[in-house]
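Novice: from the sequence below, what's the structure:
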Amino acid sequence: MQQFDTIKSQFEEELGKLNSLQDLENLRIKYLGKKGVLKKLLEGISQISKIERKEFGQNINALKKHIETSLKDYKLNFSKEKSFFDITIPGTRIKRGSLHMVTLAINEIIEIFKPLGFIRMSYPEVEWEYFAFDALNMPKDHPARDDFEQFFVKFQPNPEMGKMILSPHTSSGQIREMRRVKKPPIRMINVAKCYRPNWDTTHTPMFHQFEGLCIDKGINITNLKGTINYFVKSFFGPTRKIRLRPYHFQFTEPSFEFDISCNVCGGTGKIENNGHTEKCKVCKSGWLELGGAGMVHPNVLRAGGIDPELYSGWAFGIGIERIFMMKEGLSLDDIRVLYSSNIKFLKQF
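Specialist: So this is what the prediction gives:
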């Protein structure tokens, strides 16, 4: 017993002189290691009579438990004493996310049209055929109404409204806005998600559009062209060029498609790739289509409850992802990267 008391006293004395966790580990090895003090004590048990062996073993176990507990408590207390928190040091800032670039583009578009008196509206993404097609002067056999061109929704058809559909464009908002306002003037920017079964460099199944609608007395093509030019110069910069091409849309007459010079290839339609000249895979011609436009068809005005003999108007629809790709300095050559969840790309915005 005197031997155990001596070892215990020696251990506690050494424990009180420790200055670091490494010293603590060295002390643990000295007493509990494979060649430690207790191991040597245990090896000497064979030299003790059988009568005393039991008590000897109990004493070794008690000493071992005492040493293990002391080491554990000392380590815990040592860590607490050494920990320090300086309340004057600036805290670590939590990383903040940012708005998606499409949202940023939408906000910029709305701000551009505010000075012209346009208000932002948002109409249903799940729409009736009537508003998406019939009221827009599109006949039942129009190719755009084919099952391969749209996402139809499994829902009980309405005798007057037809089937339900994931809205293929924001143009259905024209009719709803006319019926809401009832009497011009109307200046609306309708921003919403649209859906079409396309997936390639310049198309995604879900995309955003914004619809411009202006109806009043004496509205003509000059007003339409001036508004588009104002938007393009404001959004893309004064150096970008635009062009209008005659086209046909069921809901406008006359109709146009309008393009902007491609900033991926600089409007040349060609790009240099490792010393080789290739056709620009975004525009292929130097121009990228931004959207369609035209004077609102008289039948559409009537469907909206407005007399085409008194009022006229223009409308346009533009894909937001498409125009974002053409933003000055971006040079995005694949629209699908906007929804790729690529952090290295997204964190730039």
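Novice: list the contacts of residue 303.
Specialist: 134-137, 175, 178 (Cβ atoms under 8 Å, 6 or more residues apart in numbering). Glycine gets a C-beta too; all of them are placed from N, C-alpha and C.
Novice: hmm, residue 192 is touching residue 167, no?
Specialist: Yes - the pair residue 192 / residue 167 is scored as a contact, 6.7 Å apart, by Cβ atoms under 8 Å.
Novice: between the two, which contacts overlap?
Specialist: Here residue 192 and residue 167 have 123-125 as joint contacts, going by Cβ under 8 Å, 6+ apart.
Novice: show the buried residues in those.
Specialist: Buried positions within the shared contacts of residue 192 and residue 167, assessed by neighbour count (16 or more other Cβ atoms under 10 Å), are residue 123.
Novice: where helices are concerned, which of the contacts of residue 303 count?
Specialist: Among these, DSSP state H puts 175, 178 in helices.
Novice: which one in this protein is furthest away from the centre?
Specialist: residue 49 (79.2 Å; Cα atoms, centre = their mean).
Novice: so residue 38: helix, strand or coil?
Specialist: helix (DSSP: H, G, I helix; E, B strand; the rest coil).
Novice: please apply the same query to the one 3 residues further on.
Specialist: Taking three-state DSSP as the rule, one finds residue 41 in the helix state.
Novice: surely it and residue 61 touch.
Specialist: No - using Cβ under 8 Å, residue 41 is not in contact with residue 61; the gap is 11.0 Å.
Novice: so these two - more neighbours on which side?
Specialist: residue 41 (17 against 12; other Cβ atoms under 10 Å).
Novice: and that one, what does it touch?
Specialist: 3, 7, 60.
Novice: tell me who's in contact with the first one.
Specialist: Under the criterion of Cβ under 8 Å, 6+ apart, the contact partners of residue 3 comprise residue 41.
Novice: so it sits in a strand?
Specialist: No - using three-state DSSP, the secondary structure at residue 3 is helix, not a strand.
Novice: what's the pLDDT at it?
Specialist: At residue 3, the model reports a pLDDT of 80.
Novice: distance of it from residue 195?
Specialist: Going from residue 3 to residue 195 by Cβ to Cβ, to the nearest Å gives 86 Å.
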